[in-house]
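Asker: this one's sequence-less:
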């Protein structure tokens with residue numbers, strides 16, 4: 001057992017007390033009634049950073065909630081790591097589905113239950129404790145900068161301006177973020193890719209008012225019918241997207257990386273049983289895990305129009321609407337996709353209707369090379385802690401700040417998360433495993449520390 005492992009076990013109960021105190025603060029950034037608590041949480045995080053022996057800690061104001069900044073300068077010849085996290089949390093609703101008060105942390109069955117336990121208070125807490133241990137042992141081999149923001153759950157709307165304002169202050173060799181998950185405790189992994197997002201809303205407009213379907217049906221185009229026909233032309237039966245030019249910039253993943261990704265344990269029967277479906281769907285020649293990670297997709301997220309109340313109303317609606325999202329992969333630019341989607345969608349509309357297309361928001365995909373020095377640093381630390389090499393894992397979700405950091409600061413990010421997909425983040429009864437907390441601190445100690 002390493003000296004770090006021994007120290008972690010000795011201090012573990014104190015760590016859980018500190019984490020519980022942090023989780024008890026209802027720092028819900030989306031709800032103005034929690035504003036005072038969000039500010040309180042920022043100050044608590046600053047105190048934790050000071051306690052970890054960073055040289056300098058301050059609260060940097062933004063038009064929204066402050067960013068907590070801390071640094072530990074060791075030597076100008078050392079590389080610098082910028083650690084990112086967020087202290088705000090999702091609303092706890094629906095409260096009635098929680099087993100306990102979401103802001104009264106409970107430890108049971110080897111897990112700590114509370115809103116923010118895994119997303120992201122528990123995960124950035126791992127860095128604070130690991131840094132404290134490594135600094136105390138006088139083994140820190142990096143200069144460290146830490147930013148913990150308070151608006152991630154509402155889109156990090158002030159973070160890009162913050163990064164531009166403090167561009168010199170945030171200079172680093174790479175960014176380290178723990179806000180993702182591993183495959184399983186017995187199968188450690190490192191997230192190497194995130195898909196981008198392009199989110200659109202469409203409106204198909206027919207007659208100038210709702211009409212009687214008996215009087216006008218068959219002579220006037222029904223906007224819902226036409227919208228459904230147009231949506232059907234976005235994708236073929238095997239999942240291939242039919243928008244011209246959609247795949248032009250798609251970066252193909254090497255066979256060697258696909259082979260390493262394929263090492264992830266996966267049972268298609270368990271997958272189907274869990275979702276209560278008889279068959280999966282998607283592009284041929286790609287596995288289920290590849291379809292949800294390294295391939296772009298298109299999905300209708302909502303569709304409405306006409307009469308949807310109780311009983312019957314024979315109406316031919318004036319308009320129909322749908323929300324449509326596309327997950328993007330490296331080299332696809334969501335602004336380009338917005339344009340080609342709009343052009344194509346309007347081109348397939350019949351003259352019997354008019355079409356409006358609006359872009360809601362988007363984010364660029366991000367990928368970390370498994371041959372990069374920063375990835376290999378993280379890989380080595382995980383292997384030392386878990387006793388096996390982590391599996392590189394691309395995921396289907398999006399974290400827009402990763403591409404923002406790259407474009408504004410010119411810095412690549414390593415996504416070294418210690419949660420599990422079963423942690424119920426954003427849901428009732430969110431939790432974080434005590435094993436994951438202990439192993440996460442240990443792994444980060446190995447990452448930050450000079451070798452004996």
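Answerer: Arrived safely. Source: prediction; values computed, not measured.
Asker: Please enumerate the helices of this structure.
Answerer: Here the chain has its helices, by DSSP state H, at 3-23, 35-51, 121-136, 159-165, 213-216, 223-232, 255-261, 268-275, 288-291, 334-347, 373-386, 400-409, 434-448.
Asker: Run a quick neighbour tally on the residue nearest to residue 287 when sequence neighbours are not counted.
Answerer: Excluding its sequence neighbours, the residue lying closest to residue 287 (CB to CB, 6 or more residues apart in numbering) is residue 262, at 7.0 Å. (Glycine included, C-beta is placed from N, CA and C.) Using other CB atoms under 10 Å, residue 262 is surrounded by 12 other residues.
Asker: Just the local confidence number for residue 262, please.
Answerer: Among the per-residue scores, residue 262 holds a pLDDT of 90.
Asker: How about residue 1?
Answerer: 58.
Asker: mind putting the helices of the chain in a markdown table, mean neighbour count and distance to residue 80 included?
Answerer: Output for the helices of the chain, formatted as a markdown table (neighbours: other CB atoms under 10 Å; distance: least, CB to CB, whole Å):
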| stretch | mean neighbour count | distance to residue 80 |
| --- | --- | --- |
| helix 3-23 | 16 | 22 |
| helix 35-51 | 19 | 16 |
| helix 121-136 | 24 | 13 |
| helix 159-165 | 17 | 15 |
| helix 213-216 | 13 | 67 |
| helix 223-232 | 19 | 48 |
| helix 255-261 | 14 | 28 |
| helix 268-275 | 10 | 41 |
| helix 288-291 | 17 | 34 |
| helix 334-347 | 17 | 30 |
| helix 373-386 | 18 | 12 |
| helix 400-409 | 20 | 12 |
| helix 434-448 | 23 | 12 |
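Asker: can you redo those as a markdown table with distance to residue 207?
Answerer: A markdown table is the format used below for the helices of the chain (distance: least, CB to CB, whole Å):
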| stretch | distance to residue 207 |
| --- | --- |
| helix 3-23 | 55 |
| helix 35-51 | 47 |
| helix 121-136 | 53 |
| helix 159-165 | 44 |
| helix 213-216 | 7 |
| helix 223-232 | 8 |
| helix 255-261 | 51 |
| helix 268-275 | 40 |
| helix 288-291 | 40 |
| helix 334-347 | 19 |
| helix 373-386 | 57 |
| helix 400-409 | 40 |
| helix 434-448 | 58 |
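Asker: Figure out which of those is closest to residue 186.
Answerer: Among the helices of the chain, helix 373-386 comes nearest to residue 186, with 8.6 Å by CB to CB.
Asker: Can you tell me the closest non-neighbouring residue to the spatially most central residue of the chain?
Answerer: Nearest residue to the geometric centre of the chain (CA atoms, centre = their mean): residue 399, 4.3 Å. The shortest distance from residue 399 to any non-neighbouring residue, by CB to CB, 6+ apart, is to residue 194 (5.3 Å).
Asker: go on, residue 125?
Answerer: Spatial nearest neighbour of residue 125, chain neighbours left out: residue 19 (5.3 Å); criterion: CB to CB, 6+ apart.
Asker: Show the pLDDT at the one you found.
Answerer: Residue 19 is assigned a pLDDT of 98 by the prediction.
Asker: residue contacts, it?
Answerer: 105, 112, 121-122, 125, 437 (CB atoms under 8 Å, 6 or more residues apart in numbering).
Asker: measure it to residue 44 for me?
Answerer: Plainly put, residue 19 is 11 Å away from residue 44 if you go by CB to CB, to the nearest Å.
Asker: swap in residue 296?
Answerer: Note on residue 296: its distance to residue 44, by CB to CB, is 41 Å.
Asker: Could you give the number of residues near residue 363?
Answerer: Every residue meeting other CB under 10 Å relative to residue 363 is counted, giving 21.
Asker: now do the one 3 residues further on
Answerer: By the measure other CB under 10 Å, the count of residues near residue 366 is 25.
Asker: From residue 420, how far out is it?
Answerer: Counting by CB to CB, the gap from residue 366 to residue 420 is 22 Å.
Asker: again with residue 261
Answerer: Residue 261 is 18 Å from residue 420, by CB to CB.
Asker: What does the pLDDT read for residue 80?
Answerer: Residue 80 is given a pLDDT of 98.
Asker: Residue 173 is in contact with that one, correct?
Answerer: Yes. Here residue 80 reaches residue 173: they are 5.3 Å apart, a contact under CB atoms under 8 Å.
Asker: If you count surrounding residues, which of the two has more?
Answerer: For residue 80 versus residue 173, the count of surrounding residues by other CB under 10 Å is larger for residue 80: 19 against 16.
Asker: so the more buried one bridges to which residues?
Answerer: In this entry, residue 80 is beta-bridged to residue 143, by DSSP bridges.
Asker: Was I right to think the residue nearest to the centre of the chain contacts residue 368?
Answerer: No. Residue 399 is beyond contact range of residue 368, at 11.9 Å (criterion: CB under 8 Å).
Asker: can you list residues touching both of those two?
Answerer: residue 415.
Asker: per-residue confidence at the residue nearest to residue 399?
Answerer: As predicted, residue 194 sits at a pLDDT of 90.
Asker: Give me the neighbour count for it.
Answerer: 29.
Asker: just checking, it touches residue 404?
Answerer: No. Assessed by CB under 8 Å, residue 194 is found out of contact with residue 404, at 11.9 Å.
Asker: Give me the phi and psi angles of the nearest residue to residue 97 once chain neighbours are set aside.
Answerer: Using CB to CB, 6+ apart and skipping residues adjacent in sequence, the residue nearest residue 97 is residue 428, 3.8 Å away. When read as degrees, to the nearest 10, the backbone of residue 428 gives phi -60, psi 150.
Asker: which stretches of the stretch 1-150 of the chain have low pLDDT?
Answerer: By pLDDT under 70, the low-scoring segments of the stretch 1-150 of the chain are 1.
Asker: Quick one: the strands in the stretch 101-250 of the chain, in order.
Answerer: 106-108, 111-113, 143-149, 174-177, 181-182, 189-194, 196-205, 211-212 (DSSP state E, counting those that start in this stretch).
Asker: what about these, which gets the closest to residue 337?
Answerer: strand 196-205 (4.5 Å).
Asker: how far is stretch 182-190 from where the chain is centred?
Answerer: When distances are taken as CA atoms, centre = their mean, to the nearest Å, stretch 182-190 is centred 17 Å away from the chain's centroid.
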